[in-house]
Structures are given as structure tokens and as C-alpha cells.
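Asks: Next come a sequence and a model predicted from it.
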Amino acid sequence: MTKPHFYITTAISYVNGPPHIGHAYEAIGADVMARFKRLDGFDVYFLTGTDEHGQKVQKTAIAKGKQPQEFCDEIAALFINMCESMNVKFDQFIRTTQDSHKASCQAIWGKMQEAGDIYLNKYAGWYSERDEAFYGEDELEERDGKKYTTTNTEVHWMEEESYFFKLSAYTDKLLAYYEEHPDFIQPAFRKNEVVSFVKQGLKDLSISRTSFDWGVKVPNSKDHIMYVWVDALTNYISALGYPEDKGGNFRKYWPADVHLIGKDIMRFHAIYWPAFLMSAGLELPKRVFGHGFLLTKGEKMSKSLGNVISPQDLIDRFGVDQTRYGLMREATFGQDGDISYELLGNRINAELANNLGNLAQRTLSQIAKNCDGKVPNPGILEDADHHLLDKAGQAMLIAVRGEFERLQFSKAIEEIVQVANAANLYIDEMAPWTLKKTDTERMATVLYVLAEVIRNLGLIMQPFTPVAANKILDQVAVSPDARDFSFIGAAHALEAGTPLPKPEGVFPRYVHEEAEQAQEKTA
């Protein structure tokens, strides 16, 4: 049977500097979603990469005494290393300096030109080099004789010959599309922001530059290179082989199911990109999801404030699986969220070490000690046994799947935590260590039920903590080919008498360092 397709992308990261915690957060979120879909029976394609053109990149490279391509190669390697260190398993890491990408950009430009949506004129306006974007007077504020955007980015006046895209012609088309596809922009409150902006009326968009040359050449032009957002956004289709589609991936995976991006670039993805695609006669992505920022004590991270948390810092303190879990758990995906070493450490201890880890450790230790190290042979199941098994079976999968459809990873984890809580309450109430002295058959039944719950928890935890979850599955002797979500529930329950390996702890307790706690108090 052919698997349904699922295509997820992150934004491609701008190479003006090394990766920070926001990049890791987005990459992990996309990886968690991709892993979940694969385990849930989908043929998944997961794309991430780097955005390597633009005036800012060229200037930064020159300032460092490097050629732009050399500089891009070095920074792109850092982003690939970040993904590897966070166990982010992408299908492709695209770089916009690839020749295949440049050919795709020129192809979509040609389609937009054929549609009559590109014309040559002169441009004058307020330009943010950092954002690679123009801003209107109503979007700026003046301080000390200089103009700034609401995100505190300085702008300067720019005048040059430019090709324009007839974005104004797409105001009504975009509004109609938003109305007909209410889930296109998520979370819902971000849709309100975009619709409000579009309703004010869109202006034609400058889509080429002549003031620098580090970019994709405009077809049949000697002096113009493409506006970086035409170049960058096209990566989502160039990665699939557009327009030739020699490998069939474009036909197979487009349109994208989810563009997962930061909230600060929603305008480009929910307005410009759909308009470009409409002009080129291509399908639009099914959903654009704008996640929030990670903050510390309600403030953005910055070197000047001394509150920067790097991805490697988290790995060094907590480990990879724990970091993935903590970031997906602590902040509600789609909204800004506060993180700190203390918050993450407490969350990891409470839910991984003390809850899930402790459940597995004490259950499997008792099986090793009292059941000859084999899956126990259960007797007649009582109501409490059925209740817990039902809660940990298809009901858990359905609840978690529902939260994943909304990209609500923290709420999905909450569903899993509730099952682990119920299992810990069950083991305390059933007290198999006491049953050992009074009713060994009932003890075996209780331990069997717990082992089966642990199996299901191991399966459902794989997207968040892939290494640890598979260690749990190893300890209940689940075959490597029986670990997708179709094996959750009673139909694939553990077989009594199966030998189990010696149990080992999976989630060690994190011990806060005194210096770290002092830093948290004074930050």
C-alpha cells in the first residue's frame, strides 16, 4: 500500500552568524514532527538548510577577509553540525548557493515574467539591510535622527533601478485564499495579523538589486540580481527538483504540508510566497506555521544582557534527548516561551527521571528479580488493569496525534505524561513488592500490565527522545521492526516468557550546579 506523503520544511537559516537556540528550537520541532509522521505511516520529506545570498552576507564576509562563498561554506557547516548534535534527521540540507537552486529561481522568475507580473522601474524607499526588506513610513519610528523598524532595526534610504513584482494585483486573491483556506496560516492569531496587513492594500514589491552582486542573477540581465526573498523562498521547490522534476520529488511531495518558520518572517511566507506561486501557476503550501521565540525571564537573549543560552550549552548540561524534550515541553509551540537552565532541569527531573524513567526502572528491576528476567505471565485482568492498558493504548495515540496535527508538542507530551502518571499511581496502589509475599500470580499480572504500558510509552516517546525511547524498547525486548505506531495497543502486546535484558536507567537525574543556581537568581 502506498504511504501518504508529508513534506515539512524549516525556514532556511541566514548565514550572517553561527546557529543560536532559536535555530535549534525550530529544527528540533520540525524533526519531532517528521519523526512522528514517519512512525505514523507517512512517507516524509524533511527539508532544512541555509540562506546564503544578500548584501549583509557579502559585507560580513569581506569584513572577515573572506570570499563570500568561503564564508558561507564555514557557516553552513556549523548549521549542519548543529542538526547532527541535536539528532535532527533531515532528508536534505539545501544551500541557496547550489547551482540547481539558482536554476529553479530563474525558472520561477521566468514564470512570473510570462504572467506579466514583473516590470522594470526605479525604487526609492527605507531599506533594512539586516532584514533584507523595505519598510513604509508608518512602520518606522525616529530616534536621534535615525529611523528604526519596530524590531529596532535601523533603515536607510535607498534608490536604484529595480524589477518589480505586481504584488498589488494579489491583494484580493490572497484575501480570498485565506478565507477559503482557514488553516493556511497558523496559529490562528497570526492569521489575523496577516489579514489585517493585506487588507490595508499591498504595494508592488521590488525584487532585484544592482547595488551588490552576491546573489542569483536575474535572467537576461547583466546588472540585476534577485531580491533575496525570491531566492530564499524558492528553496522549498528547488529542493524537490523544480522545474524539471527528474527524480519525481516535486510531483510527489509538493505542495508542502507545513512550512515551519519563526513568527518574524510570517509576512514573507504568508504574503509574498503565495503570491509568487499564484503568479507562477503553482500550488500553494497547505500550512504556514509561525512559532514564537525562546526568552529568558521575558527578555530576548542577547550577549549584552549576558542571558544567551546556546544549543551546545544545553547538550553539555542535560544531554541530547533531554534537551529535545525540554525545549518541546517547556514552551507552547506557536507562542513565546521562557526557558532557563533551572526550568529545564526541573522539568527533565520531574517528567523524565522521576516519572517515566523511574517507572521503567522499578518495574523492570522487579521483573528481573521476581520473574526470572522474563515478560511475566499475566492472570485474569481486573478493571484497573484494563483501564490503564486502554489509557496507554490507542486512546493515547489518538490524543497525541490530535495535538501533533495542531503542532502542539507540549500538549502532546502532556498526554504522554498523564499516562506515565497513571502508571506510577497504579504501581503504588497495586504494590507488587507486597504482592510478592501474598499473591505471586497477581504480582505477575501487575508487572505484565506495567511492562506493556512501558512498551507503549517507549513507542510514543520516540519523536521526542529517540535514543532513550529506543533503549526503553530494547529493555522490553521489542523488535526493531515493531516500533512504529501501528504496534501501539493490545493487538501487539508483549509475549509472556520473552527474555528481557538486564534493566538499566535511561534518564539520569540532573543535579543543578550551585554556580548555575546563583546565575539564575541574579540574571
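Replies: Here it is on my side, so go on.

Asks: Asn370 versus the residue with the largest distance to the centre of the chain, what's the distance?
Replies: Note on the chain: the largest C-alpha distance from the chain mean falls to Thr438, namely 50.4 Å (CA atoms, centre = their mean). Thr438 sits 13 Å away from Asn370, taking CB to CB, to the nearest Å as the criterion. Quick note: C-beta positions are derived from backbone N, CA and C, even for glycine.

Asks: now do Asp428
Replies: Relative to Asn370, Asp428 is positioned 17 Å away (CB to CB).

Asks: Ok, Glu142 next?
Replies: 76 Å.

Asks: Neighbour count: those two, which is higher?
Replies: Using other CB atoms under 10 Å as the criterion, Glu142 and Asn370 rank with Asn370 on top: 17 against 9.

Asks: Which residue, other than its chain neighbours, is closest to the more buried one?
Replies: Spatial nearest neighbour of Asn370, excluding adjacent residues (CB to CB, 6 or more residues apart in numbering): Lys436 at 5.7 Å.

Asks: The strand or helix carrying that neighbour: which residues count as buried?
Replies: Assigned by DSSP states H and E, Lys436 falls within helix 432-438. For helix 432-438, the neighbour count (16 or more other CB atoms under 10 Å) marks Pro432, Leu435, Lys436 as buried.

Asks: Return the member of these nearest to Thr332.
Replies: Within the buried residues of helix 432-438, the smallest distance to Thr332 is 37.1 Å, found for Pro432 (CB to CB).

Asks: Relative to Glu382, how far out is the nearest residue to Leu78 once chain neighbours are set aside?
Replies: Excluding its sequence neighbours, the residue lying closest to Leu78 (CB to CB, 6+ apart) is Pro18, at 4.9 Å. Pro18 sits 57 Å away from Glu382, going by CB to CB.

Asks: repeat for Ile80
Replies: Using CB to CB, Ile80 is found at 53 Å from Glu382.

Asks: between those two, which one's more packed in?
Replies: With neighbours defined as other CB under 10 Å, Ile80 and Glu382 compare such that Ile80 has more, 18 against 13.

Asks: Can you tell me the closest non-neighbouring residue to that one?
Replies: Spatial nearest neighbour of Ile80, chain neighbours left out: Phe93 (5.8 Å); criterion: CB to CB, 6+ apart.

Asks: likewise Lys146?
Replies: The shortest distance from Lys146 to any non-neighbouring residue, by CB to CB, 6+ apart, is to Glu154 (5.8 Å).

Asks: one step back: how close does the residue farthest from the centre of the chain sit to Pro432?
Replies: Relative to Pro432, Thr438 is positioned 11 Å away (CB to CB).

Asks: do the same with Gln394
Replies: 26 Å.

Asks: Got the domain ranges for the chain?
Replies: Per automatic domain parsing, the domain ranges recorded for the chain read 5-117+166-291, 341-492.

Asks: from the chain's centre, how far out does the longest one sit?
Replies: Remark: domain 5-117+166-291 is offset 15 Å from the chain centroid, using CA atoms, centre = their mean, to the nearest Å.

Asks: where does the protein dip in pLDDT?
Replies: 303-304, 514-523 (pLDDT under 70).

Asks: on that earlier part again, for the helix holding Lys436, list the C-alpha coordinates in PDB.
Replies: These are the backbone C-alpha positions of helix 432-438, laid out as PDB (Å, rounded to 0.1, in the frame of the first residue of the first chain):
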ATOM      1  CA  PRO A 432       3.800  -5.600  43.500                       C
ATOM      2  CA  TRP A 433       6.500  -5.800  46.100                       C
ATOM      3  CA  THR A 434       3.900  -6.700  48.700                       C
ATOM      4  CA  LEU A 435       2.000  -9.000  46.300                       C
ATOM      5  CA  LYS A 436       5.200 -11.000  46.000                       C
ATOM      6  CA  LYS A 437       4.600 -12.200  49.600                       C
ATOM      7  CA  THR A 438       0.800 -12.700  49.300                       C
END
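
Asks: outside of it, which residues touch it?
Replies: Gln366, Asn370, Arg442, Met443, Val446, Leu447, Leu450 (CB atoms under 8 Å, 6 or more residues apart in numbering).

Asks: Stretch 355-369 now?
Replies: With contact meaning CB under 8 Å, 6+ apart, stretch 355-369 is reached by 373-376, 417, 420-421, 423-424, 427, 432-433, 447, 450-451, 453-454, 457, 461, 472, 475-476, 500, 502-503, 505-508.

Asks: Now Asn470: closest residue in space that isn't a chain neighbour?
Replies: Gln462 (6.8 Å).

Asks: contacting residues for the one you found?
Replies: Per CB under 8 Å, 6+ apart, neighbours of Gln462: Arg35, Leu39, Ala469, Asn470, Arg483.

Asks: mind running it again at 10 Å?
Replies: 32, 35-36, 38-39, 468-470, 472-473, 483-485 (CB atoms under 10 Å, 6 or more residues apart in numbering).

Asks: Show me where the stretch 101-250 of the chain has its strands.
Replies: With strands called from DSSP state E, counting those that start in this stretch, the stretch 101-250 of the chain shows them at 118-128, 133-135, 140-143, 146-149, 154-165, 185-186, 205-206, 208-209, 225-226.

Asks: Helices of the stretch 351-500 of the chain, start to end?
Replies: Per DSSP state H, counting those that start in this stretch, the stretch 351-500 of the chain carries helices over the ranges 358-370, 383-391, 394-405, 409-430, 432-438, 440-460, 466-475.

Asks: Quick check: which of those is nearest to Lys59?
Replies: Per CB to CB, nearest to Lys59 of those: helix 409-430, 37.2 Å.

Asks: can you give me how far that closest one is from the chain middle?
Replies: The answer for helix 409-430 is 25 Å, by CA atoms, centre = their mean.
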